[in-house]
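Starting from these lines, generate the structure:
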Amino acid sequence: MDSSAVKLARQSIDHFLNYGTQLPTPSNIPAELCGQAGVFVSLKKDGELRGCIGTFAPTRESIAAEIIANAISAGTEDPRFWPVTTDELPDLTVSVDILSAPERVESLAVLDPKRYGVIVKRGRRSGLLLPDLDGVDTVEEQISIAMNKAGIDPHEEIELYRFSVTRHT
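Residues are numbered from 1 along each chain as shown. This is a model prediction of the structure:
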């Protein structure tokens, strides 16, 4: 059974695809979706990534509103994929990650790719990688992928942050 976060993400995508408008934030949202936090919504089809968009810091008035907006973006704006269609909705696996506030770290020793996501920054460039991703087993791999996403060369110095997530499936 889907969590309330996943149900809301599914409703958001379904509403947008059928009506072309954003689902209004429900008035009776569960307590865990009332605060503010960064949120990533990931979509998979047949085990393969089909869309993933999110925010590492809150941009909306509630986690519920963040889920609604990021679910639409994951389904229709991820530049790596064609927009999701209504026919695909039943076949999509949706997960929602609610992020803790990022904390700056000075040592790789306090990172763990299964427990923490990372954010790398160099000037205006930044990259983020969620924790506990298939095929990412070491801190070095995690940082390398995040730096590559940000367009930061491996030899450049970076600011490094970690965050944890509450994953809803």
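
Look up how far Asp153 lies from the spatially most central residue of the chain.
Using Cα atoms, centre = their mean, the residue of the chain that lies closest to the mean C-alpha position is Phe40, 1.9 Å off. Per Cβ to Cβ, to the nearest Å, Phe40 is found 25 Å from Asp153. Any C-beta I mention is one placed from the backbone N, CA and C, and that applies to glycine too.

The residue nearest to the centre of the chain should be in a strand, yeah?
Yes - secondary structure of Phe40, determined by DSSP: H, G, I helix; E, B strand; the rest coil: located in a strand.

If we ignore the residues flanking it in sequence, what's nearest Ile145?
Leu129 (5.3 Å; Cβ to Cβ, 6 or more residues apart in numbering).

Distance of Leu49 relative to Ala37?
Taking Cβ to Cβ, one finds Leu49 at 22 Å from Ala37.

Let me see the ranges of the helices in this structure.
Secondary structure of the chain by DSSP state H: the helices cover 4-19, 63-76, 139-150.

mean confidence score for the first one?
Along helix 4-19, the predicted local confidence has a mean pLDDT of 97.

go on, the last one?
Per-region confidence: helix 139-150 scores 97 on mean pLDDT.

List the residues that contact the closest residue to Phe81 other than its chain neighbours.
In space, and not counting its chain neighbours, Phe81 is closest to Gly51: 5.4 Å by Cβ to Cβ, 6+ apart. Neighbouring residues of Gly51 by Cβ atoms under 8 Å, 6 or more residues apart in numbering: 41-43, 74-76, 78, 80-81, 84.

partners of Gly51 in the sheet?
Leu43 (DSSP bridges).

What of Arg122?
The partner residues for Arg122, given DSSP bridges, come to Arg125.

for it, what are its contacts?
With Cβ under 8 Å, 6+ apart, Arg122 has these contacts: 150, 152, 156-159.

The same query, at a cut-off of 7 Å, please.
150, 152, 156, 158 (Cβ atoms under 7 Å, 6 or more residues apart in numbering).

what's the answer for Pro58, then?
Pro58 neighbours (Cβ under 7 Å, 6+ apart): 36-38, 66.

returning to that earlier point: with neighbour numbers in mind, choose between Leu49 and Ala37.
Applying other Cβ atoms under 10 Å to Leu49 and Ala37 shows that Ala37 carries more neighbours, namely 21 against 15.

Am I right that that one is in contact with Pro102?
No - under the criterion of Cβ atoms under 7 Å, Ala37 makes no contact with Pro102, lying 10.9 Å away.

mind giving me the domain ranges of the protein?
Domain segmentation of the chain under the TED database yields 4-99, 103-168.
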